[in-house]
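Q: using only what follows, build the 3D model:
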Amino acid sequence: MSTVKHQIVIVGGGTAGIATAAHFKKNSACLDVVIIEPADVHYYQPGFTFVGAGVYKPEVTRRTMQSVIPEGVVWMKDSVVSFDPEKNTVLTVENGEIEYEGLVVAAGIKINWDGVEGLSEAIKTDSVCSNYTYDLSAKTWQTIKNFKGGKAIFTQPKPPFKCPGAAQKIMYLADDAFRKQGVRKRTEIKFFAAAPGIFPIKRFSDPLYAVIARKELETHFKHHLVAIDAGQKTATFEHTETGDKVSTDYDMIHVTPPQCAPDFLQGSPLSNAAGWIDVDKFTLQSTKFNNVFGLGDCCSAPNSKTAAAIKAQTPVVVSNLLTVLAGGEAGTAYDGYASCPLVTGYGKLVLAEFDYNMQPKETFPFNQGEERRSMYYFKKYVLPKFYWNVMLKGGNLGE
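A: Predicted structure coming up:
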């Protein structure tokens with residue numbers, strides 16, 4: 001099979017891949033851009049929490065891949081096997097070697113169900129749920145809606161994992177749902193998180209601790225899930241510092257699963273020891289190959305893995321790669337911007353925005369360190385439209 005050459009090859013048709021491809025074409029319509037992506041469906045993953053809380057119907061978070069591929073971009077429905085950056089090639093299953101002038105790796109993140117003993121089997125049972133896939137988010141709402149009381153456990157693993165706020169958002173919404181259903185008084189809600197606190201920035205952690213107190217939630221920080229026994233309905237947690245283990249029974253448990261780099265990226269010439277594409281955290285350029293860039297959930301940059309981070313990363317990658325291909329040096333910088341719309345209940349939200357230095361970087365001209373109804377409706381109605389109609393088309397706010 002002969003090698004096919006393209007100017008720019010993008011690995012991944014998720015948020016980062018589609019937005020980057022669209023931004024390239026918006027910059028120059030004549031650019032030859034190809035996206036390598038095996039999936040037929042593209043998901044608006046920030047909407048999964050609202051599916052799990054019964055706010056959205058599942059189908060509003062999905063569209064066909066073909067419908068979101070930017071105009072003029074070639075969609076290669078294929079899977080990547082390996083990289084050979086010395087030869088500027090990517091090896092695929094169906095199309096063989098693909099040669100590139102510039103490579104963007106936007107391969108996303110792998111949900112590692114096997115990273116917790118017993119989780120792969122437990123997730124198939126009625127009392128174990130997760131908002132981390134399309135199908136399971138719908139199951140989460142059924143689990144919450146049918147809950148009759150008892151112990152409801154919510155977990156947050158060690159980083160990295162995408163949408164860090166998702167682990168706690170569904171807990172706050174479940175609390176509201178249980179109150180509406182009349183079962184909250186006979187329910188214990190417990191949050192087990194590997195993190196040392198609810199949020200690393202005081203401006204946003206203060207209102208969240210107030211929510212926890214108001215809702216009478218029990219928190220266990222520095223604890224991560226290591227095993228689950230669906231037959232006995234028990235979950236085992238390990239203290240991140242002492243290694244001590246504690247087990248608790250549950251009547252329902254929402255699991256945020258451990259996550260890792262995609263298999264084909266781990267151990268590749270592009271990756272670091274942990275398997276992520278190794279990039280300069282500011283330019284997002286590969287630390288090893290000048291014409292290779294990475295963004296989104298698969299890259300080593302220590303930002304929070306959110307769609308908002310991708311929004312900020314996309315123009316940086318496009319600008320820097322085009323500069324490199326023109327013979328220059330990458331100079332545009334990403335400051336680590338990320339956003340976590342922390343839903344604290346039906347009709348309430350704390351919009352946390354921040355940078356690498358964990359300094360607030362707020363968009364709106366008011367104190368975002370407060371629960372606001374307006375921000376809840378901003379997430380519910382505005383952000384999905386922005387995602388489908390602006391971000392995936394290469395645009396930004398105000399365009």
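Q: what residues sit buried inside stretch 339-348?
A: Buried positions in stretch 339-348, judged by neighbour count with 16 or more other CB atoms under 10 Å: 339-346, 348. Any C-beta I mention is one placed from the backbone N, CA and C, and that applies to glycine too.
Q: now secondary structure, pLDDT and distance to residue 320 too, for these, in CSV please.
A: Formatted as CSV, those follow (DSSP: H, G, I helix; E, B strand; the rest coil; pLDDT from 0 to 100; distance: CB to CB, whole Å):
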residue, secondary structure, pLDDT, distance to residue 320
339, strand, 95, 22
340, strand, 95, 26
341, strand, 97, 28
342, strand, 98, 31
343, strand, 98, 34
344, strand, 98, 37
345, strand, 98, 41
346, coil, 98, 42
348, strand, 98, 39
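Q: from the residues you listed, which two are the most distant?
A: Using CB to CB, the buried residues of stretch 339-348 reach their maximum pairwise distance at 339 and 346, which is 20.6 Å.
Q: quick check, nearest of the buried residues of stretch 339-348 to residue 133?
A: Checking the buried residues of stretch 339-348 against residue 133 by CB to CB gives residue 343 as the nearest, at 19.1 Å.
Q: enumerate every residue touching the residue nearest the centre of the chain.
A: Nearest to the geometric centre of the chain sits residue 162, at 3.0 Å (CA atoms, centre = their mean). Listed by CB atoms under 8 Å, 6 or more residues apart in numbering, the contact partners of residue 162 are 45, 109, 259, 297, 305-306.
Q: what about the closest residue to it other than its chain neighbours, neighbour count?
A: In space, and not counting its chain neighbours, residue 162 is closest to residue 305: 4.3 Å by CB to CB, 6 or more residues apart in numbering. The number of residues packed near residue 305 is 22, by other CB atoms under 10 Å.
Q: right, and residue 305 touches residue 164 too?
A: Yes - between residue 305 and residue 164 there is a contact under CB atoms under 8 Å: 7.2 Å.
Q: pull the residues that contact stretch 179-194.
A: The contact list for stretch 179-194, computed with CB under 8 Å, 6+ apart, reads 145, 147-159, 167-168, 171, 174-175, 178, 212, 215-225, 235, 237, 240, 248.
Q: wait, residue 300 sits on residue 275?
A: No - contact criterion CB under 8 Å: residue 300 and residue 275 do not qualify, at 9.3 Å.
Q: which strand or helix spans the residue nearest to the centre of the chain?
A: Per DSSP states H and E: residue 162 is located in neither a helix nor a strand.
Q: likewise for residue 83?
A: If you go by DSSP H and E, residue 83 is part of strand 80-84.
Q: tell me the mean pLDDT over the very next helix or strand once past that strand?
A: Sequence-wise, the next helix or strand downstream of strand 80-84 (DSSP H and E) is strand 89-92. Average pLDDT, strand 89-92: 98.
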